[in-house]
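Participant: Take a look and give me a structure for this.
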Amino acid sequence: MTHLDPATLTVFVTGASSGFGRATAVRFASAGSRVVVAARRLERLQTLVDEFGAGRIHAVALDVRDRAAVEGVVSGLPAAFAEVDVLVNNAGLALGLEPVNETKLENWQTMIDTNINGLLYCTRALLPGMMERNRGHIINLSSIAGSYPYPGGNVYGGTKAFVRQFSLGLRSDLAGRNIRVTSLEPGKAETEFSLVRFGGDEARAAGVYEGYRPLVGEDVAECVYWVSVLPRHINVNSMEVMPLSQSFADFPIKPVRED
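Facilitator: Numbering: from 1, shown residues only. Alright, predicted model coming up:
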């Protein structure tokens, strides 16, 4: 069984300024891949360029919600980074944990624009090149929230269910081509995710992981890397990964109110 040589791969990672995205970029760059790192916070990406060099890392400022910006970044990639083999659609977020009747509609819109539209724009921009070369791999970061609902996870979970279903649909559309599609679905992971969800409230964010040994960015990056370098005839359709300390029974049962 011959694994792919990571030194032959060009990888495009969205949301690469922190968390899963940054760890994924480091994992591939450390293995010799060329990596396009994209995020809104360009200054954070520059540290990756400083660490690995401009020949290994190409940094671009990008808000994936902006379709024209996505198309411009992809069409403007320098020749050494233009033939993308692996797209890691990582950019995403959750905002708030309120029930449907209390949530802020602008939070819903931001999650939909980022988690769904941003992923679609990046996929649509990079897929034609993969089809022309008849090789590639699209890895979409979903979540166990797309399969297992929890209080307050309403629209966030819905966006991640979309990601999973879209990945399966894309896989069907690409049948017969040498282009792989994977939906990667992590559980609780300690990154900036909860800090963003709770608007910078560090104490509340830390409480999410109390009593757990959560996943960290490097754990998920290792999963991304593993599915990417498997022999080309192997496609991991979906991968669900949780910390060992998490299960499907995270929330206490509440009595039904009779009033």
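
Participant: Number of residues surrounding residue 98?
Facilitator: By other C-beta atoms under 10 Å, the residues close to residue 98 number 13. Backbone N, C-alpha and C define where each C-beta goes, glycine included.

Participant: can I assume it is in contact with residue 153?
Facilitator: No - checked against C-beta atoms under 8 Å, the pair residue 98 and residue 153 is beyond contact range at 10.4 Å.

Participant: Mind telling me which residue is nearest the centre of this structure?
Facilitator: Computing the C-alpha centroid of the chain and ranking residues by C-alpha atoms, centre = their mean puts residue 90 first, at 1.9 Å.

Participant: wait, what's in contact with that residue?
Facilitator: 13, 14, 15, 16, 19, 20, 21, 24, 141 (C-beta atoms under 8 Å, 6 or more residues apart in numbering).

Participant: mind listing which of these are in strands?
Facilitator: 13, 14, 141 (DSSP state E).

Participant: separation between the first one and residue 199?
Facilitator: As for residue 13, its distance to residue 199 is 25 Å (criterion: C-beta to C-beta, to the nearest Å).

Participant: neighbour-wise, which of the two wins?
Facilitator: For the pair residue 13 and residue 199, the greater number of neighbours falls to residue 13 (32 against 11), based on other C-beta under 10 Å.

Participant: Hmm, that one is touching residue 84, no?
Facilitator: No - applying C-beta under 8 Å, one finds residue 13 not in contact with residue 84, separated by 10.2 Å.

Participant: what touches both of those two?
Facilitator: Both residue 13 and residue 84 are contacted by residue 36, under the criterion C-beta under 8 Å, 6+ apart.

Participant: Enumerate every residue touching residue 23.
Facilitator: Counting by C-beta under 8 Å, 6+ apart, residue 23 has contacts 216, 217, 218, 220, 221.

Participant: Mind picking the one among these that's closest to residue 7?
Facilitator: Of all those, residue 7 sits closest to residue 221, with 17.3 Å by C-beta to C-beta.

Participant: which element is the closest one on?
Facilitator: Counting by DSSP states H and E, the secondary-structure element that holds residue 221 is helix 217-229.

Participant: List the buried residues for that helix?
Facilitator: 217, 219, 220, 221, 223, 224, 225, 227, 228, 229 (16 or more other C-beta atoms under 10 Å).

Participant: what's downstream of that helix, the next helix or strand?
Facilitator: Per DSSP H and E, the first helix or strand lying C-terminal to helix 217-229 is strand 238-241.

Participant: Send me that following strand as CSV with only the CA atoms.
Facilitator: Only the C-alpha atoms of strand 238-241 are listed here, as CSV (Å, rounded to 0.1, in the frame of the first residue of the first chain):
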residue,chain,number,x,y,z
SER,A,238,-16.8,10.7,6.8
MET,A,239,-14.8,10.6,10.0
GLU,A,240,-16.3,11.2,13.5
VAL,A,241,-13.8,11.8,16.2
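
Participant: So which elements touch it?
Facilitator: Applying 3 or more C-beta pairs under 8 Å, 6 or more residues apart in numbering; DSSP states H and E, one finds that strand 238-241 contacts helix 154-173, strand 179-186, helix 217-229.

Participant: want to throw the ones you listed into CSV with mean pLDDT?
Facilitator: As requested, the helices and strands packed on strand 238-241 are exported to CSV (pLDDT from 0 to 100):
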stretch, mean pLDDT
helix 154-173, 97
strand 179-186, 98
helix 217-229, 97
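
Participant: could I get those as a markdown table with distance to residue 105?
Facilitator: Listed next are the helices and strands packed on strand 238-241 as a markdown table, based on distance: least, C-beta to C-beta, whole Å:
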| stretch | distance to residue 105 |
| --- | --- |
| helix 154-173 | 10 |
| strand 179-186 | 27 |
| helix 217-229 | 30 |
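
Participant: what's around the nearest residue to residue 98 once chain neighbours are set aside, how many residues?
Facilitator: Computed as C-beta to C-beta, 6 or more residues apart in numbering, the closest residue to residue 98 that is not its neighbour in sequence is residue 152, at 5.9 Å. Neighbourhood size, residue 152 [other C-beta under 10 Å]: 17.
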